[in-house]
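Participant: I'd like to go over a predicted model; first the sequence, then the structure.
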Amino acid sequence: MELLTIGAFARASRLTPKALRLYDELGLLRPVEVDPVNGYRRYHPDQLERARLVAWLRRLGMPLARIRVVCELPGARAAAEISAYWRAVETETAARRELADFLIDHLSRKDTDMIDAFTVTAAALTDRGHVRPANQDTAYAGTRLLAVADGFGDLGVAASSAAVEALRPLEDSLPAGDLLGVVEDAALRAGTAVRDIAGPDSGTTLTALLLSGGQLGLVHVGDCRVYLLRNGKLSQITHDHTVVQSMVDEGTLSADEAPAHPQRSLLSQALTNSGEAEPELALRDAVVGDRYLVCSDGLHGVVGEDAVRDALTDGTPADVVRRLVTLANDAGGPDNVSCVVADLA
Ligand code: MG
């Protein structure tokens, strides 16, 4: 009987010439003849049955080494071998199904957490105060994003507004990825936005909280502060980026002397046209019942912590921001004052 070229044999067996060459190399299906001069492979038509079996077993997903075993067995034992292989596949598939179920559940809940972990009720209020000619603060309260920026210099209003605007898209949609990465990107965007519009003597502070799932991402540069009221206890979460705070940290100034220091509002870090600031980034676990306050130095520069805590202990966020701004203005209102208060339920 006439031998078949590899092309003709491939067509008849529904295997590709490339697969046939591989099976030859593996000893799975050897051609009956290889031309010693040009290396052309030729197959006998009787080999078609084995070739088709190989093709079917490949479609079944059987590894080549096991196919070789099956091909060498007589009919009944080959059938038993295929049957044993398939039982193993089903067992493995069941185990993978469990893993898939776990991942589907895990990722679906992660998504839900991202959006629904807390109900946030927040309010923002910013006020010029009694002394400054304009209000250069910007305050924003959403359901995910809370932010206060304190602008300075001729373009201070534009700078504080640009910094907060750069974060605003996060209120509508959170990009995928880990929260710290999201917060880092947000800080970079804010820095770029300010660098692009601020003049040589202008800039802004920026302190923002981004709520995602059970966590809070913090972006902080400058001397606005975040306070947390949890179980009746007030704690300051942020660390001022001021020259005076650095002196306190270094031990050259006591914490009691700091509030009265003439250079207390001199910033060691701010977003400016140099683009050199390195905002502080952090993640914190949030808890139902937490009440957060983000405020500019117009509040914490003149209203002590005890008064702040008392003002925070009851009322809605809208009540509290009004109360806090009033306290700052009653204390002389020497600076623009901004407060954002948010409750997590
Ligand atoms: Mg200020």
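Facilitator: Yep, it's here.

Participant: could you list every residue that touches the residue lying closest to S202 once chain neighbours are set aside?
Facilitator: In space, S202 comes closest to G153 once its chain neighbours are excluded; the distance is 3.1 Å by Cβ to Cβ, 6 or more residues apart in numbering. Glycine gets a C-beta too; all of them are placed from N, C-alpha and C. Contact analysis of G153 by Cβ atoms under 8 Å, 6 or more residues apart in numbering lists A159, A198, G199, D201, S202, G203.

Participant: What is the three-state secondary structure of the fourth one?
Facilitator: When you say that, I think you mean D201. coil (DSSP: H, G, I helix; E, B strand; the rest coil).

Participant: can you offset everything so residue one is 7?
Facilitator: Understood, numbering begins at 7; the last thing we discussed is D207.

Participant: A165 is in contact with that one, correct?
Facilitator: No: using Cβ atoms under 8 Å, D207 makes no contact with A165, being 10.6 Å away.

Participant: neighbour-wise, which of the two wins?
Facilitator: Counting neighbours by other Cβ atoms under 10 Å for D207 and for A165 shows that A165 has the greater number, 31 against 12.

Participant: Whichever helix or strand that one is part of and the ion, any residue contact?
Facilitator: A165 belongs to helix 162-173 when assigned by DSSP states H and E. No: Helix 162-173 does not reach the ion (Cβ under 5 Å from the ion); its nearest approach is 9.4 Å.

Participant: dump the residue contacts of A172.
Facilitator: Per Cβ under 8 Å, 6+ apart, neighbours of A172: A192, R195, A196, T198, A199, V200.

Participant: quick one: the third one is in a helix?
Facilitator: To tie it back to what came earlier, the one meant is A196. Yes: under three-state DSSP, A196 falls within a helix.

Participant: gap between it and L151?
Facilitator: According to Cβ to Cβ, to the nearest Å, A196 stands 12 Å off from L151.

Participant: joint contacts of those two?
Facilitator: Residues touching both A196 and L151 (Cβ under 8 Å, 6+ apart) are L173, A214.

Participant: Following the chain onward from the helix or strand of the chain with the lowest mean pLDDT, which element is next?
Facilitator: The weakest-scoring helix or strand in the chain, judged by mean pLDDT, DSSP states H and E, is helix 81-122 (a mean of 77). Per DSSP H and E, the first helix or strand lying C-terminal to helix 81-122 is strand 126-133.

Participant: Just list what that next one packs against, helices and strands only.
Facilitator: Applying 3 or more Cβ pairs under 8 Å, 6 or more residues apart in numbering; DSSP states H and E, one finds that strand 126-133 contacts strand 143-147, strand 151-158, helix 323-336, strand 343-350.

Participant: at 6 Å instead, please
Facilitator: Packing partners of strand 126-133 (3 or more Cβ pairs under 6 Å, 6 or more residues apart in numbering; DSSP states H and E): strand 143-147, helix 323-336, strand 343-350.

Participant: mean confidence score for the shortest one?
Facilitator: The reference is to strand 143-147. Computed over strand 143-147, the mean pLDDT rounds to 98.

Participant: Now do the helices in the stretch 207-351 of the chain.
Facilitator: Assigned by DSSP state H, counting those that start in this stretch, the helices in the stretch 207-351 of the chain fall at 249-256, 303-306, 311-318, 323-336.

Participant: Give the buried residues for the third one.
Facilitator: For helix 311-318, the buried set under the neighbour-count rule, 16 or more other Cβ atoms under 10 Å, comprises A313, V314, R315, A317, L318.

Participant: Export these as TSV, with columns for pLDDT and distance to L259.
Facilitator: Output for these, formatted as TSV (pLDDT from 0 to 100; distance: Cβ to Cβ, whole Å):
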residue	pLDDT	distance to L259
A313	97	23
V314	97	22
R315	97	24
A317	97	28
L318	97	28
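
Participant: ok now do the closest residue to the ion within the stretch 57-206 of the chain, which residues does it touch?
Facilitator: The minimum distance from the stretch 57-206 of the chain to the ion, using Cβ to the ion, falls at D156 (4.2 Å). D156 makes contact with D143, T211, C230, S302 under the criterion Cβ atoms under 6 Å, 6 or more residues apart in numbering.
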